[in-house]
Every structure is written in structure tokens, then in C-alpha cells.
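# Sharing a model that was predicted from the sequence below.
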Amino acid sequence: MQYLVSMTTHVPDGTPEQTVDEVKAREAAHSADLAAQGNLLRLWRPPLRPGEWRSFGLFVAADANQLETVLAGMPLRIWRSDEVTPLAPHPNDPAMRARTGVNDRSLSTGTGDPEFLIFFSVVVPDGTTAQAVADTEAREAEQARTWAGKGKLRRLWALPGEGRTLGLWQADSPAEMQAIVSGLPLDPWMETETIPLTPHPSDPARQS
């Protein structure tokens, strides 16, 4: 099973810089080991406020207990709090359609364009017919295939809760990303949160 983990680190005041550097070095080495073992697929940095130390990680584990064991073994965990979101398969996920598993090219950095995580929440308006919903969802699936073929849609997961989805996208700019989202058939029924991502030095996709 795959999990998105938001990891926020707070180094205690007065911690020697040498200690911080040593822990960061051990964290980088341990991340490489987790990637080699198949437990860590990707690492990103979201926008940060001054002094904030935060990362997103895409992890694989058999269940929540195994994931906690993986996270607890990471050196930075002594200063870090983690927020875990379980990810389920989505029928429009490019990796599922390709039948290539979790280590396929859809998790690579693709063209090198900026990456975005986008949270989608769909609420169908009252009174909408079942046929209208089915037609819109079919057009959404076709649009997802189109964007995946162009390298813009990398992954798609179902989130806990009805109508909630997480997508990993690439676009040459935030403006292009917004234009893509605005053109999706489900957009009139969706609320979205777009998080621009920047490269993480320990991202397994950058090491391959």
C-alpha cells in the first residue's frame, strides 16, 4: 500500500550545528537504503515559510504498522512529526492502466518540468442525474488518459472519503497547471488544492 507522509522537523533550540549536520547526513543515507528496499518512492519539498523544515514522502508499506516502523527508523524522527495519508488505487491512474506496478516511469521526474500535488474534492450538485454523472466521469477518464499521454499526469490516487483524489502532475508553469485543472470535465464540481513541489536532494527519482 502507498502512503503520502507530510514530515515536519523542529530542531530543538541550542542543538549544535554539527549534531544537526550529522543527523541530516544519516537521514540521507537511510533514505537511500529505504529507496533500495522499495519503501521510499519519492521525496519533495512543498513551499516553506521562513525557518520551516518540511518534506513530502511517498512511501510503500504492507500496512500502517509497517509504515510506522519504517518512519520510526529514520534518523530525523527524533525531531520530526509525521502526518500520514493512506492512498488507494484510482481507476484513472496512469500506472494502473500501464499495469507496470509502483516502480514504473510514472514516478520519474519525466520532462524535468515542475511537479505539483493536487488534492481534488468532488461534490455532485443536488438534482444531477445519474446519466450526467456517468457522462462527466467518462469524459474525465478520457481527459486523464490524454494528459497522461502528454506526460502531464504522472499518478492518481483515491483518498479517504467520498469523491477525494490526489494527483501528481507536471507542467511548465503554475499557469499551465491551473489551465489544465480548469479544463477538466469535473472542474465545475470540484474544489482543488494545488501544492507546487521543489526537488528534494534525497529524492530517489533524482538518484536513479
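Looks like it came in fine.

# Give the other helices and strands that the helix or strand containing residue 35 contacts.
Element membership for residue 35 (DSSP states H and E) is helix 17-37. Here helix 17-37 touches strand 40-45, helix 204-207, going by 3 or more C-beta pairs under 8 Å, 6 or more residues apart in numbering; DSSP states H and E. C-betas here are computed from N, CA, C, even on glycine.

# now with 10 Å?
If contacts are counted by 3 or more C-beta pairs under 10 Å, 6 or more residues apart in numbering; DSSP states H and E, helix 17-37 sits against strand 2-9, strand 40-45, strand 54-60, helix 64-72, helix 204-207.

# how about the ones you listed, which one is nearest residue 144?
Counting by C-beta to C-beta, residue 144 lies closest to strand 2-9 out of those; the figure is 18.1 Å.

# Note down every partner strand of that closest one and its orientation.
Its sheet considered, strand 2-9 pairs with strand 54-60 (antiparallel), strand 80-89 (antiparallel) by DSSP bridges.

# quick one on the thing from earlier: including distance to residue 82 and mean pLDDT, could the helices and strands packed on helix 17-37 go into TSV?
Shown next, in TSV, are these (distance: least, C-beta to C-beta, whole Å; pLDDT from 0 to 100):
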stretch	distance to residue 82	mean pLDDT
strand 2-9	5	97
strand 40-45	13	97
strand 54-60	9	97
helix 64-72	5	98
helix 204-207	18	84
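
# and residue 81, which of these is closest to it?
Minimum separation from residue 81 across the helices and strands packed on helix 17-37 (C-beta to C-beta) falls at strand 2-9, 5.3 Å.

# How about the contacts made by residue 58?
2-5, 40-44, 87, 102, 107, 117, 155, 157, 168, 203-205 (C-beta atoms under 10 Å, 6 or more residues apart in numbering).

# repeat that with 7 Å
Residue 58 makes contact with 2, 4, 41-42, according to C-beta atoms under 7 Å, 6 or more residues apart in numbering.

# what do you get for residue 70?
Neighbour list for residue 70: 34, 39, 59, 61 [criterion: C-beta under 7 Å, 6+ apart].

# Out of those, which comes closest to residue 197?
Nearest to residue 197 among the contacts of residue 70, with distances taken as C-beta to C-beta, is residue 59, at 16.0 Å.

# which non-adjacent residue is nearest the closest one?
Nearest residue to residue 59, sequence neighbours excluded (C-beta to C-beta, 6 or more residues apart in numbering): residue 3, at 4.8 Å.

# for the helix or strand where residue 147 lies, packing partners?
Element membership for residue 147 (DSSP H and E) is helix 130-149. Counting contacts by 3 or more C-beta pairs under 7 Å, 6 or more residues apart in numbering; DSSP states H and E, helix 130-149 packs against strand 153-158.

# helix or strand right after the strand it packs on?
The element immediately downstream of strand 153-158 (helix or strand, assigned by DSSP H and E) is strand 164-170.

# Give me the distance from that next one to the chain's centre.
With C-alpha atoms, centre = their mean, to the nearest Å as the basis, strand 164-170 stands 7 Å off its chain's centre.

# and the angle for that strand with strand 153-158?
Angle of strand 164-170 versus strand 153-158, following axes from the mean of the first three to the mean of the last three C-alpha atoms, to 10 degrees, is 170 degrees.
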